[in-house]
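# give the three-dimensional model of this entry:
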Amino acid sequence: MNQRKTTSDVVGRVTIRDVAERAGVSAASVSRVLSSSNYPVSDTVRSRVMQVVRELDYVTNAHARSLAGAGTPTVAILINNVTSAAFAHIAKGVEGAATLRGWLSLVGTTGDDPERELALVNLMRQQGVAAVVLLGGAYDYDEYQLRMARFARSLDAAGSHLVLVGRPSLQGDVPATTVDYDNESGAYAMAGHLLSAGHRRILALPGPAELSTAQGRLNGARRAFEAYGVPFDRGLVRRGPYDDAYAYGYAAAEAALHETPDFTAVLAGTDVVAAGAMQALRAAGLRVPEDVSITGYDDIPLASQLTPQLTTVHVPYEEMGRVALRAAADRRKGAGSAAGRKSSDPEHLVLGTHVVVRDSVRPPKRLR
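As a prediction, this is how the structure comes out:
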């Protein structure tokens, strides 16, 4: 005589077939009950299925449902470093906009490793997420660009979408949305602010040479020097990593004080780099801004908490995150609409930046 299974008899993860066997119905009937399908299911069957679901503590496979076009969409936020305030604010914007739409958010870290970044994008494609949002600067070499473009097309073919935030668009006709800010113009405006104050010997700490964000900020500064007719001294450019930005700012300023001590201002690539440089100047007995002026970039909360408060470039990071998620959601919503944008069309959205003037800049001593 066959005996009905008890909860303790079910070993491992409970499946929809376990529920169907216990309830004495087909797996299709269980699926219809759990998915609230419009297909007619009798009240008796529905009640029996739900009782077994409770007895077996069955949990619906949300990932499988999302692959089938049901369930909760998921957005994957891939971030270089979770401790970065700028990236955290973008992620906050993405997550907030996702929550409003009933989406789930998950975060992966790339550790400033292009191979890991590519691997994570590929993994998210395999997992069937609704969108992948990549934060921060891109890597400037051909193989990386080609592989990322291939993943973008694969995501698009699977009904997902790649959104690049704070980095250049992929080359060619690639189905990805870019949400960027006017990075180079922000650096141009900040360098112009220092030049207008009379500074000519400006120590530039743009960040790593291979990162597009750092390249754009240095290019913006160079354009400002050219516009003001001031020679740009490459010897006053000191590069370093953003993943340990404070240490980079401190070490670069300390070295410059020994090797090229005639600089009167520091143009830092981020607010955290500026904070490190500011501490190095103080350790050398110099005052900010009385002896050396200093500026940052990003306008994270730290900028207004430093003493003196930091003059910096404001980037609308949280809004960028919201825009990124809205763009992905709109693509998903309109993918099947003949009247909407084709899912394979690239899109580039640019938000503005502006200089926030605080207390860390004064004219050099010779002009006072």
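# state the mean pLDDT of stretch 215-234.
Averaging pLDDT along stretch 215-234 gives 96.
# flag every buried residue along that stretch.
By neighbour count on 16 or more other C-beta atoms under 10 Å, the buried set for stretch 215-234 is 215-218, 220-225, 232. No exception for glycine: its C-beta is placed from N, CA and C like everyone else's.
# residues contacting it, please?
140, 183-192, 195, 200-202, 204, 206-207, 209, 237, 267, 269, 297 (C-beta atoms under 8 Å, 6 or more residues apart in numbering).
# would you show me how to pick out the buried ones of the residues you listed in PyMOL?
To isolate the buried members of the contacts of stretch 215-234 in PyMOL, using 16+ other C-beta under 10 Å:
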select buried, resi 183+184+185+186+187+188+189+190+191+192+195+200+202+204+206+207+237+267+269+297
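# so of the contacts of stretch 215-234, which ones are in helices?
Judged by DSSP state H, the subset of those located in helices is 183-192, 195.
# quick one: the helices in the chain?
16-23, 27-34, 43-56, 62-67, 85-100, 114-127, 142-157, 183-196, 212-228, 245-259, 271-283, 301-305, 317-334.
# for the third one, packing partners?
With contacts defined as 3 or more C-beta pairs under 8 Å, 6 or more residues apart in numbering; DSSP states H and E, the secondary structure elements packing on helix 43-56 are helix 16-23, helix 27-34.
# now render the ones you listed as TSV, adding mean pLDDT.
Conversion of these to TSV gives the following (pLDDT from 0 to 100):
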stretch	mean pLDDT
helix 16-23	90
helix 27-34	83
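# do you know which of those lies nearest residue 95?
Closest approach to residue 95 among these (C-beta to C-beta): helix 27-34, 27.3 Å.
# just the buried residues of the closest one, please?
29-34.
# centroid residue for this structure?
residue 135 (2.3 Å; C-alpha atoms, centre = their mean).
# which residues are in contact with that one?
Residue 135 neighbours (C-beta under 8 Å, 6+ apart): 77-80, 87, 90-91, 165-166.
# next one, pLDDT for residue 246 please.
Looking at residue 246, its pLDDT stands at 96.
# that older thread, looking at the contacts of residue 135, which gets the smallest pLDDT?
residue 80 (82).
# what sits closest to it if chain neighbours are left out?
Leaving aside its sequence neighbours, residue 80 sits nearest to residue 136 (C-beta to C-beta, 6 or more residues apart in numbering; 4.7 Å).
# what's the burial count for the one you found?
Residues near residue 136, counting by other C-beta atoms under 10 Å, number 23.
# for residue 365, same thing?
Other residues near residue 365 come to 11 when the count uses other C-beta under 10 Å.
# wait, it sits on residue 291?
Yes: between residue 365 and residue 291 there is a contact under C-beta atoms under 8 Å: 7.5 Å.
# the closest residue to residue 124 other than its chain neighbours bridge partners, please.
Excluding the flanking residues, the one nearest residue 124 by C-beta to C-beta, 6+ apart is residue 76, at 4.3 Å. Under the criterion DSSP bridges, residue 76 forms beta bridges with residue 106, residue 132.
# same question, residue 295
residue 267, residue 311.
# quick one: it and residue 267 touch, right?
Yes: between residue 295 and residue 267 there is a contact at 5.7 Å, judged by C-beta under 8 Å.
# what do these two both touch?
With C-beta under 8 Å, 6+ apart, residue 295 and residue 267 have common neighbours 190, 194.
# including distance to residue 346, could the helices of the chain go into JSON lines?
As requested, the helices of the chain are exported to JSON lines (distance: least, C-beta to C-beta, whole Å):
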{"stretch": "helix 16-23", "distance to residue 346": "40"}
{"stretch": "helix 27-34", "distance to residue 346": "38"}
{"stretch": "helix 43-56", "distance to residue 346": "45"}
{"stretch": "helix 62-67", "distance to residue 346": "25"}
{"stretch": "helix 85-100", "distance to residue 346": "20"}
{"stretch": "helix 114-127", "distance to residue 346": "17"}
{"stretch": "helix 142-157", "distance to residue 346": "9"}
{"stretch": "helix 183-196", "distance to residue 346": "19"}
{"stretch": "helix 212-228", "distance to residue 346": "17"}
{"stretch": "helix 245-259", "distance to residue 346": "31"}
{"stretch": "helix 271-283", "distance to residue 346": "31"}
{"stretch": "helix 301-305", "distance to residue 346": "33"}
{"stretch": "helix 317-334", "distance to residue 346": "11"}
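# contacting residues for residue 259?
Neighbours of residue 259 in contact, by C-beta under 8 Å, 6+ apart: none.
# distance-wise, check it relative to residue 156.
50 Å (C-beta to C-beta, to the nearest Å).
# and for residue 187?
33 Å.
# any stretches of the stretch 51-200 of the chain with poor pLDDT?
Residues of the stretch 51-200 of the chain meeting the criterion pLDDT under 70: 59-71, 138-140.
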